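*Asks:* Any chance you could fold what I've pasted below:
(chains A and B)
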Amino acid sequence: MPRLEIKDIRANALGPITLAIAAGECVCLSGPSGSGKSRLLRAIADLDVHQGEARLDATSRQEFPASQWRRAVGLLPPETHWWQDRVGEHLASVDRSMLADLGLAEHLLAEPVTRLSSGERQRFGLLRLLLNRPRVLLLDEPTANLDPATTLRVERILQIYRTTYATPTLWVSHDSQQIRRVASRVVHISQGRLSDDTGALR
Amino acid sequence: MTELSTFDLGLASVLVILGAIIAAFLHLAVTRTLLIAAIRCIVQLLLIGLVLQTLFGYVHLGWVSLLAGIMLFVAGWEVMARQHRPFRGGWGYGTGTVSLFLSSFTVTLFALAAIIQASPWYHPQYAIPLLGMLLGNTMNGIALGVDRLTEGAWAQRDTIEARLMLGHSWNEAIGQIRRNSIRSGFIPIINAMAAAGVVSLPGMMTGQILAGASPVQAAKYQILILFLISGGTILGTTAAVWMGSRRLFDHRERLRLDRLRTP
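*Replies:* Now for the predicted structure:
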């Protein structure tokens, strides 16, 4: 049974979109700029006013308090945002092995956020999200600011997380090689509508 | 007390006219506004003077309440008019008016009943000037606080949403901005109390002394007023910023900046 189901999601110039993602499945979402990729992710996370339903493990979104729903469907935006001075202050706990896997030095935790590179911030953003143990991953270009080697690191960590917790994943990517590496299935979106479901790749 | 004649006020108005001439000469584009403000000041103050003088002749709770109500609605309107991004619909007006009512009226009633103990307690000689002082100052705190809140939410919308995405409640996500907004509403009254008597003599005290009251008595009244104002401002600003921060989010705790008017 699919773990994440969305049904007839509609918002401003988006949808209706119906999509189901099974446990451990990674669906890559691709499409031109302005086609509605980010808007779809935001609608699933219930950040914008929209119509339609979403269910996680057959439990309707309405049955979750809003903040618990968002915690369950972890959305990683393309730009990270920080409200304390130092990165470390945003993390409830420090997972040293995860830091190492992401290629992040521990001393960065004490650095002012503004001193970090965009790539470091993006990886800390991912770490901050994964520490929440989301049951679904909604990733909006999670490797946009990263070099090729770090991109592979991040892909591997997400792969491990996804298989360990059987996490349904919706991954926005423009990189066709990356899509080939990570996707179980590819879905295209254009002008707010899903099209051309190419089925299983592997 | 020396009676002021129309001629005396005419002499003083020369200064305003001089200001207008300078403004016109320097192309400051405020000449018209300045003159209109001066004329409004004459008309409004003389009118309220007449109204109060009449009211003192009819000490009746109904008349006092009516005037208090009018003052409240005008103050609520002023709060909204000073917002860069006021809330749309009834909330823009309601947030300010309700919190003004909660704070200024409560504090005025407390002062009348517990401190001044006039007879009857609603005697317009005390009730109306006290309420006016409180409304005027609380209005400033509320306007500053709510403006800071809506501007802060607008400027930091990405950060607020980043926190929502991580499963923070609306209350946590807006907490920092809300605290800063409430604090900014308090600053004018804190400054006024800290500087009172050293940097300047507060207007009310100056007025009382000019009108012949003993300076010590005037100082005591001024302290009372400043304390009442600080109580009113703190209550009013906290209430208004709280209501406003709740209104920024809907039942699904989504940040709803579409509820603010665009400037």
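*Asks:* Kindly export the longest helix along chain A (C-alpha atoms) in CSV.
*Replies:* Using DSSP state H, we find that the single longest helix of chain A is helix A:148-165. Taking C-alpha atoms only, helix A:148-165 is exported to CSV below (Å, rounded to 0.1, in the frame of the first residue of the first chain):
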residue,chain,number,x,y,z
PRO,A,148,29.9,16.6,-7.7
ALA,A,149,31.7,14.7,-4.9
THR,A,150,29.6,16.2,-2.2
THR,A,151,26.5,15.6,-4.3
LEU,A,152,27.3,11.9,-4.3
ARG,A,153,27.8,12.0,-0.5
VAL,A,154,24.4,13.6,0.0
GLU,A,155,22.8,11.1,-2.4
ARG,A,156,24.3,8.2,-0.4
ILE,A,157,23.1,9.6,2.9
LEU,A,158,19.6,10.1,1.6
GLN,A,159,19.7,6.6,0.1
ILE,A,160,20.6,5.1,3.5
TYR,A,161,18.0,7.1,5.3
ARG,A,162,15.3,6.1,2.8
THR,A,163,16.1,2.4,2.9
THR,A,164,16.6,2.3,6.7
TYR,A,165,13.2,3.9,7.4
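*Asks:* mean confidence score for stretch B:246-259?
*Replies:* The pLDDT scores in stretch B:246-259 average 96.
*Asks:* Can that stretch be said to contact chain A?
*Replies:* Yes - using C-beta under 8 Å from any C-beta of the partner chain, stretch B:246-259 reaches chain A at B:Asp250, B:His251, B:Arg252, B:Glu253, B:Arg254, B:Leu255, B:Arg256. For every residue, glycine as well, the C-beta is placed using N, CA and C.
*Asks:* Show me what counts as buried in the worst-scoring helix or strand of chain B on mean pLDDT.
*Replies:* Across the helices and strands of chain B, mean confidence by mean pLDDT, DSSP states H and E is lowest for helix B:203-210: a mean of 86. Judged by neighbour count using 16 or more other C-beta atoms under 10 Å in any protein chain shown, the buried positions of helix B:203-210 are B:Met205, B:Gln208.
*Asks:* mind checking how far it is from the chain centre?
*Replies:* Put simply, helix B:203-210 sits 20 Å off its chain's centre (C-alpha atoms, centre = their mean, to the nearest Å).
*Asks:* Show me what that helix is packed up against.
*Replies:* Packing partners of helix B:203-210 (3 or more C-beta pairs under 8 Å, 6 or more residues apart in numbering or on different chains; DSSP states H and E): helix B:215-247.
*Asks:* and the spatially closest residue to B:Pro86 that is not a sequence neighbour, how many residues sit next to it?
*Replies:* Distances taken as C-beta to C-beta, 6 or more residues apart in numbering or on different chains place B:Gly92 nearest to B:Pro86, at 3.9 Å, with adjacent residues excluded. Using other C-beta atoms under 10 Å in any protein chain shown, the number of residues around B:Gly92 comes to 25.
*Asks:* B:Ala240 now?
*Replies:* By other C-beta under 10 Å, the residues close to B:Ala240 number 30.
*Asks:* ok, now how distant is it from B:Leu109?
*Replies:* Using C-beta to C-beta, to the nearest Å, B:Ala240 is found at 19 Å from B:Leu109.
*Asks:* what does the least confident helix or strand of chain B contact?
*Replies:* Contacts with helix B:203-210, where a contact means C-beta atoms under 8 Å, 6 or more residues apart in numbering or on different chains, come from B:Met1, B:Met133, B:Leu201, B:Pro215, B:Gln217, B:Ala218, B:Ala219, B:Tyr221, B:Gln222, B:Ile225.
*Asks:* mind running it again at 10 Å?
*Replies:* B:1-2, B:4, B:129, B:133, B:196-197, B:200-202, B:213-215, B:217-223, B:225-226 (C-beta atoms under 10 Å, 6 or more residues apart in numbering or on different chains).
*Asks:* ok and that helix relative to helix B:215-247, angle-wise?
*Replies:* 160 degrees (axes from the mean of the first three to the mean of the last three C-alpha atoms, to 10 degrees).
*Asks:* Need the CA coordinates for helix B:203-210. PDB is fine.
*Replies:* Provided in PDB are the C-alpha atoms of helix B:203-210 (Å, rounded to 0.1, in the frame of the first residue of the first chain):
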ATOM      1  CA  GLY B 203       3.600  68.600  28.600                       C
ATOM      2  CA  MET B 204       1.000  68.000  31.200                       C
ATOM      3  CA  MET B 205       3.100  69.200  34.000                       C
ATOM      4  CA  THR B 206       4.200  72.300  32.100                       C
ATOM      5  CA  GLY B 207       0.600  73.100  31.400                       C
ATOM      6  CA  GLN B 208      -0.400  72.700  35.100                       C
ATOM      7  CA  ILE B 209       2.500  74.900  36.200                       C
ATOM      8  CA  LEU B 210       1.600  77.600  33.600                       C
END
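*Asks:* and the stretch 101-250 of chain B, which residues reach chain A?
*Replies:* Residues of the stretch 101-250 of chain B lying close to chain A by C-beta under 10 Å from any C-beta of the partner chain are B:156-173, B:175-177, B:249-250.
*Asks:* for the chain, what are the low-confidence residue spans?
*Replies:* You didn't say which chain, so I picked chain A. A:1, A:196-202 (pLDDT under 70).
*Asks:* actually it's chain B I care about, not the one you picked
*Replies:* Looking along chain B with the criterion set at pLDDT under 70, you get B:1.
*Asks:* which residue does chain A bring closest to chain B?
*Replies:* Proximity of chain A to chain B (C-beta to the nearest C-beta) peaks at A:Arg71, 2.8 Å away.
*Asks:* quick one on the thing from earlier: ChimeraX command for the buried members of the contacts of helix B:203-210?
*Replies:* Buried residues within these, by 16+ other C-beta under 10 Å, are selected in ChimeraX with:
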select /B:133,196,201,202,218,219,222,225,226
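*Asks:* What residue in the stretch 151-263 of chain B comes nearest to chain A?
*Replies:* Counting by C-beta to the nearest C-beta, the stretch 151-263 of chain B gets nearest chain A through B:Gly167, at 2.8 Å.
*Asks:* right, and that residue touches A:Arg71 too?
*Replies:* Yes - with contact defined as C-beta atoms under 10 Å, B:Gly167 counts as touching A:Arg71 (2.8 Å).
*Asks:* Quick one: name the residues of chain A near chain B.
*Replies:* Residues of chain A lying near chain B (C-beta under 10 Å from any C-beta): A:41-42, A:45-50, A:61-62, A:64-77, A:79-84, A:90, A:125, A:128-129, A:131-132, A:134, A:138.
*Asks:* just the CA coordinates of stretch A:173-184, formatted as PDB?
*Replies:* Taking Å, rounded to 0.1, in the frame of the first residue of the first chain, the C-alpha atoms of stretch A:173-184 are listed here in PDB:
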ATOM      1  CA  SER A 173      15.900  17.600  -9.600                       C
ATOM      2  CA  HIS A 174      17.000  19.100 -12.900                       C
ATOM      3  CA  ASP A 175      20.000  16.900 -13.200                       C
ATOM      4  CA  SER A 176      19.200  14.000 -15.500                       C
ATOM      5  CA  GLN A 177      22.200  12.000 -14.400                       C
ATOM      6  CA  GLN A 178      21.200  12.400 -10.800                       C
ATOM      7  CA  ILE A 179      17.700  11.400 -11.600                       C
ATOM      8  CA  ARG A 180      19.100   8.200 -13.200                       C
ATOM      9  CA  ARG A 181      21.100   7.500 -10.000                       C
ATOM     10  CA  VAL A 182      18.400   8.100  -7.400                       C
ATOM     11  CA  ALA A 183      14.900   7.700  -8.900                       C
ATOM     12  CA  SER A 184      12.700   4.700  -8.600                       C
END
